[in-house]
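# Sequence first, then the predicted structure, then my questions.
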Amino acid sequence: MKLLKTLLPAAALVALPGLALAEDAPVAGVNAATDTSFILTSLLFVVGGFLVFWMAAGFAMLEAGLVRSKNVTMQLTKNIALFSLAAIMYYLIGYNLMYPLGTWMIGSDETGGYLSGVIGVAILEAVGVGSDALDDYSYAATSTDYFFQLMFCAATASIVSGTLAERIKLWPFLIFVAVLTGIIYPLQASWDWGGGFLDSQFGFSDFAGSTIVHSVGGWAALTGAIILGPRIGKYKDGKVVPMPGSNLALATLGTFILWMGWFGFNGGSQLAMGTVGDIADIGRVMANTNAAAAGGALVALILTQILYKKSDLTMVLNGALAGLVSITAEPLAPTLGLATIIGGIGGVIVVFSVPMLDKMKIDDVVGAIPVHLFAGIWGTLAVVLTGGYHGEATLMGQVTGIVVIGLFVVVTSAVVWVILKATMGIRVDEEDEIRGLDMSELGMEAYPEFSKG
Amino acid sequence: MKLLKTLLPAAALVALPGLALAEDAPVAGVNAATDTSFILTSLLFVVGGFLVFWMAAGFAMLEAGLVRSKNVTMQLTKNIALFSLAAIMYYLIGYNLMYPLGTWMIGSDETGGYLSGVIGVAILEAVGVGSDALDDYSYAATSTDYFFQLMFCAATASIVSGTLAERIKLWPFLIFVAVLTGIIYPLQASWDWGGGFLDSQFGFSDFAGSTIVHSVGGWAALTGAIILGPRIGKYKDGKVVPMPGSNLALATLGTFILWMGWFGFNGGSQLAMGTVGDIADIGRVMANTNAAAAGGALVALILTQILYKKSDLTMVLNGALAGLVSITAEPLAPTLGLATIIGGIGGVIVVFSVPMLDKMKIDDVVGAIPVHLFAGIWGTLAVVLTGGYHGEATLMGQVTGIVVIGLFVVVTSAVVWVILKATMGIRVDEEDEIRGLDMSELGMEAYPEFSKG
Amino acid sequence: MKLLKTLLPAAALVALPGLALAEDAPVAGVNAATDTSFILTSLLFVVGGFLVFWMAAGFAMLEAGLVRSKNVTMQLTKNIALFSLAAIMYYLIGYNLMYPLGTWMIGSDETGGYLSGVIGVAILEAVGVGSDALDDYSYAATSTDYFFQLMFCAATASIVSGTLAERIKLWPFLIFVAVLTGIIYPLQASWDWGGGFLDSQFGFSDFAGSTIVHSVGGWAALTGAIILGPRIGKYKDGKVVPMPGSNLALATLGTFILWMGWFGFNGGSQLAMGTVGDIADIGRVMANTNAAAAGGALVALILTQILYKKSDLTMVLNGALAGLVSITAEPLAPTLGLATIIGGIGGVIVVFSVPMLDKMKIDDVVGAIPVHLFAGIWGTLAVVLTGGYHGEATLMGQVTGIVVIGLFVVVTSAVVWVILKATMGIRVDEEDEIRGLDMSELGMEAYPEFSKG
């Protein structure tokens, strides 16, 4: 996502006609153009927001399709609960923690601070607000910005639930989600998107969140997977026991939903729609996002055919998603061809890292770590290929962002997971896990009439 | 939905720049600003319209997931058929019955009439219409308004199909839908949204239809459920026999679809996007809508955990939907915190009223009566907490609207149901019901290869 | 889709305020209005584009629901792979082959040529482009146009996969898709939408592609079905053996997705949103599109009830889709009533032609030939009822377009299919087909835990 600061050019551009008209009709002329720009950018957030919301459904369907049928109700419950919880935590703490409110920042100087936001609930503009009372007339309505940003926070939590499926208890998982969405996510996001030190001092560039959203979810998932341990029977006598997903139609639907939602995720992260350059950029971003997904899917299709003599649908789905994650750090600057290649490399990463994780006995039920963490790192590094949309991204800056955010998330996540493990426990009983979480934890099957083969 | 009348401020605002510019460039200046406002509000209806359309898919998936597998094909058939029928009835009668055509109203005086519309098919503006020939240049294209309003009418009918599932015959159900969408819905909607007496004389305030859409569907469903009777075997020896839904993944998908569609349902009901205040309001509405859904879901999650020691996914889904219905009468005025609470109370209502209905032996297969009727009433009353977006809603006015519309729908629905029962019968034979409607009525299974457990 | 050329009026209209203001504030005035028009039309493509993208998910779900469970993984794989491949082929060749780049055309004179485009990869406008450097300032951003047009190309390929399901090999199918989306589709589309001879010399009118998208997919599917032959056991002892779809909930979801996506397909094909007339037209198009779908669904519902004494859900689904295809050649000019009738006739076509194809032993697994080819031809002819949005469509012109494009696609498709058959073979082994393509070709079941009845 472009930094708030980098929006200045857009604001300046919008003001231009006003200056030109200044002699004839100063106030009205300026307002008409600026109003239109304000409405259009806010509209971008409204449309982007409901598209990114839709990704919550995508994660739910993808994960419900990739777990075994005895854990489907639980996976669905976790997904709708985590989204709801994220909405409340981001309202209570997250939004204001993430974004600078005025100029106050802890440890700030002119080049950005370590904590850009403040603690307090999100407050939207008043009903029927006039242009004189807007929080930022050169940008967009706070309500639409909040709506859009909230969905990113929730997406981060969705990534975690897939990896830890089929063995983690409901309530400790939700407590982790509360900390992740209320504190961990917004704090690190403020370092770059809130104008903090990663942006101002290192020029870290992450357009829509390959690192800030996807790898954050991935690191939290990886930390959890290690502390939680693999599912019973997954690694037996040195072999990996396949535990195929119960409903690949649902998993494919989830992938298509995520792909669609990503147009809002990346397209909306242009953060401006008031000029011809902005809308052309939004088009570029969406076309590149689509190209990268296509590249990731096709590479996974071809590569699994070559390696295993049979194409693997779950790899193709994760290939598409890895392509999407890979382009997310910089969907604007590449050409369509380069975007296809960046996404294709995401597909390569998935095909090789899924078995690698299994070798390390890290049990990632849906493949979220390869998709969101590994492809997220790759995508963040790939920004250097073009220098990013502002042409100033450096390898050093990108690596710094990856490492700083990675360390922060791993440490804070580990602390939370370990405390949860020590206090209430994070894992269901062995017997319950074998029976399935649906009956043991919830007493409700997802497909009560379909007998098991 | 804001009344047509209350749109005057928006129109006035749009005219303002024109006035300011009047001396320099009167016509062109006015047109540019008004054109943009007209296009943007029309665009709101286009986007809102396809989102509310999407709710038809949501209802279909929710209901198909919550019925037993022997009735899934029938439930899918009813849902696509009712939407199609609603489209035709609203075109033939409903649209013009609902909205004032010019100033003519039966029983009208300056404060609004009892029947605001007229009888006749909907007619859209001509192809490539110019600004001089628009039906309402200060508002939006009739075509886009029609597209948006039609979807609300269809949603009302969708509510009924879930309650009466697994036992009502296809054709009498569709005849009821024709009367509901052609006459009952548009007539009562005209009393408030068409500028009729509930609006003008009682100040009844229902932003997007907690009462006018949701409780109307709920009352029609309740009346039908009582006349139709419960499913065979549902209440046996004083006990409630659980009949679990066949596919909770589908039901969850349906809930996410409805949640997404609701952003159009409530957001589009702002009915204007031409000013900075309007788009900020749309953002408020969407953020509040999301907060209420999250509140309803989380409360249901926690409450079922406390009451039953196990969280109940179907309650969580209905909790989210009840939260959405609860905020629908006034999604604009509350703060995010209040919206969360209003939605949360919707969740409480669902958790307690689902078993209450069962005690009364009213068999509501999907829980539509708690969600749409009870939470709809709550939401309509909750408008008083803020006074509504125009600050004038009173408890008296809200209760009047709830009672008048409730009585009207119960009486008219009962008449139609009783006539249908007396003439063609509304219920399938006992044997057919036990066998399932899919094979007995349609001869086609939804999942022919999945054997039943 | 309106021709590029016919957009001139929109551009002229936009320029009007500029002219009026010319004396006072020439440059700024023109820019403000033209900028807004440019942004809005580009936004139409962005929204239309993600809606048409969504149709890829619709086709995947529809087809996965209508095949038997032993072929579901393969059908899902084909659908995500064909979309990805289409994205790459349209980038590499298709986009520039389809649209005129400047004025150069093979065989062109002032009335349009036989090949309007050129060979070369698609190139979008530069990042942050200014209004002076836009490819077409009177229209929309190339990036958004590309994004939108790509989705139409992919939809064409989606049509083919359903007909040939359950017996065609993965890789030869994908090679066909590459040729279809890279060459066949864009070449014939250039003859009308690219300003080629069907447009300029015959006045062929196809608003959103009843012929150019749907019948092209249909002809390719028909040719493939004949060369590939029917599934084993489908036609036995002079009888048609029913092979019911494995998941009608999924098929219904797919239909709703397609219906929703069609609002972008037809609405976006207005190709302009910068004037009040354009947005009113977009509303007309969407309302008519919805009416036609409703008409097609209801007619199929009633007709199957009359003919077979039982309504047939799969016919209702295909009826809705046939209604959508029927209105696609001209969704703007008809009234709502006429649109309903045009769609309804689409429903009639489906109900009668599905058994007719079976009599001819042409095995079309999902009914794509009746829906996309037969209803596509009907829709293209139905343009004559209104004369089309520009009032000049003739029966002669429409028939010419249908025949020329039909012949071209049948011949080129047949050549590709025959070459594929002769070289690598297009059909799986008999044993593999009976076992199901999921296990034999991919080694992965879609529903591994649901035992088969």
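Ah, there it is. Numbering: from 1, shown residues only, chains lettered A, B, ... in the order given.
# how many neighbours does the residue in the stretch 151-300 of chain A that chain B sits nearest to have?
In the stretch 151-300 of chain A, the residue that lies nearest chain B is A:Leu250 (5.7 Å; Cβ to the nearest Cβ). Bear in mind the C-beta positions are built from the backbone N, C-alpha and C, glycine included. By the criterion of other Cβ atoms under 10 Å in any protein chain shown, A:Leu250 has 27 neighbours.
# mind pulling up the phi and psi values for A:Lys239?
Reported as degrees, to the nearest 10, the phi and psi values for A:Lys239 are phi -110, psi 150.
# go on, A:Gly238?
Residue torsions, per degrees, to the nearest 10, at A:Gly238 are phi 70, psi 10.
# Need the per-residue pLDDT for it.
Listed pLDDT for A:Gly238 reads 90.
# That one: what's it in contact with?
A:Gly238 makes contact with no residue, according to Cβ atoms under 8 Å, 6 or more residues apart in numbering or on different chains.
# now it: how far from A:Pro355?
The gap separating A:Gly238 from A:Pro355 is 14 Å, by Cβ to Cβ, to the nearest Å.
# for A:Thr275, same thing?
For A:Thr275 relative to A:Pro355 (Cβ to Cβ), the value is 47 Å.
# Which residue of those two possesses the greater neighbour count?
Counted by other Cβ under 10 Å, A:Thr275 and A:Pro355 do not tie: A:Thr275 has more neighbours, with 24 against 12.
# Surely that one touches C:Ala32?
No: if you go by Cβ atoms under 8 Å, A:Thr275 and C:Ala32 don't touch, sitting 11.0 Å apart.
# Which residues of the stretch 101-250 of chain A lie near chain B?
A:121-125, A:127-131, A:134, A:137, A:141-147, A:150, A:170-171, A:247, A:250 (Cβ under 8 Å from any Cβ of the partner chain).
# let's go with 10 Å and repeat that
For the stretch 101-250 of chain A, the contact set with chain B under Cβ under 10 Å from any Cβ of the partner chain comprises A:121-135, A:137, A:140-148, A:150-151, A:154, A:170-171, A:174, A:246-247, A:249-250.
# which ones among those residues come in contact with chain C?
Counting by Cβ under 10 Å from any Cβ, the members of those near chain C are A:Ser246, A:Asn247, A:Ala249, A:Leu250.
# Could you dump those residues into JSON lines with pLDDT and secondary structure added?
As requested, these are exported to JSON lines (pLDDT from 0 to 100; DSSP: H, G, I helix; E, B strand; the rest coil):
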{"residue": "A:Ser246", "pLDDT": "97", "secondary structure": "coil"}
{"residue": "A:Asn247", "pLDDT": "98", "secondary structure": "coil"}
{"residue": "A:Ala249", "pLDDT": "98", "secondary structure": "helix"}
{"residue": "A:Leu250", "pLDDT": "98", "secondary structure": "helix"}
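# Name the member of the residues you listed with the most neighbours.
A:Asn247 (30 neighbours).
# was I right about it contacting A:Leu66?
Yes: checked against Cβ atoms under 10 Å, the pair A:Asn247 and A:Leu66 is within contact range at 8.3 Å.
# Mutual contacts of those two, please.
Taking Cβ atoms under 10 Å, 6 or more residues apart in numbering or on different chains as the contact rule, A:Asn247 and A:Leu66 both touch A:Val72, A:Gly254.
# quick one, longest helix in chain A?
If you go by DSSP state H, chain A has its longest helix at helix A:26-66.
# Now do it against helix C:26-66, angle only.
20 degrees (axes from the mean of the first three to the mean of the last three Cα atoms, to 10 degrees).
# right, and the helix or strand after helix A:26-66?
Note on helix A:26-66: by DSSP states H and E, the next helix or strand toward the C-terminus is helix A:72-89.
# what angle do that following helix and helix A:26-66 make?
Going by the same axes, to 10 degrees, helix A:72-89 makes 160 degrees with helix A:26-66.
# is helix A:72-89 anywhere near chain B?
Yes: for helix A:72-89 and chain B, the contact criterion (Cβ under 10 Å from any Cβ) is met by A:72-81, A:83-89.
# Just want the residue of chain A that's nearest chain B.
Counting by Cβ to the nearest Cβ, chain A gets nearest to chain B through A:Ser143 (2.9 Å).
# Around chain B, which positions in the stretch 301-450 of chain A sit nearby?
Residues of the stretch 301-450 of chain A that fall close to chain B, judged by Cβ under 10 Å from any Cβ: A:438-450.
# Let's see if you can find the most crowded of these.
The most crowded member of these, judged by other Cβ under 10 Å, is A:Ala446 (32 neighbours).
# Could you list every helix and strand that the helix or strand that contains A:Ile226 packs against?
A:Ile226 is located in helix A:216-228, with elements delineated by DSSP H and E. On a contact count with 3 or more Cβ pairs under 10 Å, 6 or more residues apart in numbering or on different chains; DSSP states H and E, helix A:216-228 meets helix A:142-163, helix A:170-179, helix A:185-192, helix A:368, helix A:375-386, helix A:395-423.
# Residue of chain A nearest chain C, please.
For chain A, Cβ to the nearest Cβ, closest residue to chain C: A:Gly283, 2.9 Å.
# wait, that residue sits on C:Leu134?
No: A:Gly283 is beyond contact range of C:Leu134, at 11.5 Å (criterion: Cβ under 10 Å).
# Could you check which of these two has the larger neighbour count?
Shown here are A:Gly283 and C:Leu134; by other Cβ under 10 Å, A:Gly283 has more neighbours (28 against 19).
# If you drop the residues flanking it in sequence, what lies closest to the more buried one?
Spatial nearest neighbour of A:Gly283, excluding adjacent residues (Cβ to Cβ, 6 or more residues apart in numbering or on different chains): C:Ser143 at 2.9 Å.
# So the one you found is in contact with A:Ala280, correct?
Yes: with contact defined as Cβ under 10 Å, C:Ser143 counts as touching A:Ala280 (5.5 Å).
# surely A:Arg413 meets A:Gln188?
Heads up, residue A:413 is Ser, not Arg. No: using Cβ under 10 Å, A:Ser413 makes no contact with A:Gln188, being 11.2 Å away.
# Model confidence for the residue nearest to A:Thr223 when sequence neighbours are not counted, exactly?
Spatially, and ignoring its direct neighbours in sequence, A:Thr223 is nearest to A:Ser413 (4.2 Å; Cβ to Cβ, 6+ apart). The model reports A:Ser413 with a pLDDT of 98.
# and if you look at A:Ser200?
Reported pLDDT for A:Ser200: 86.
# And the one 5 residues further on, by the same measure?
At A:Ser205, the pLDDT value in this model is 97.
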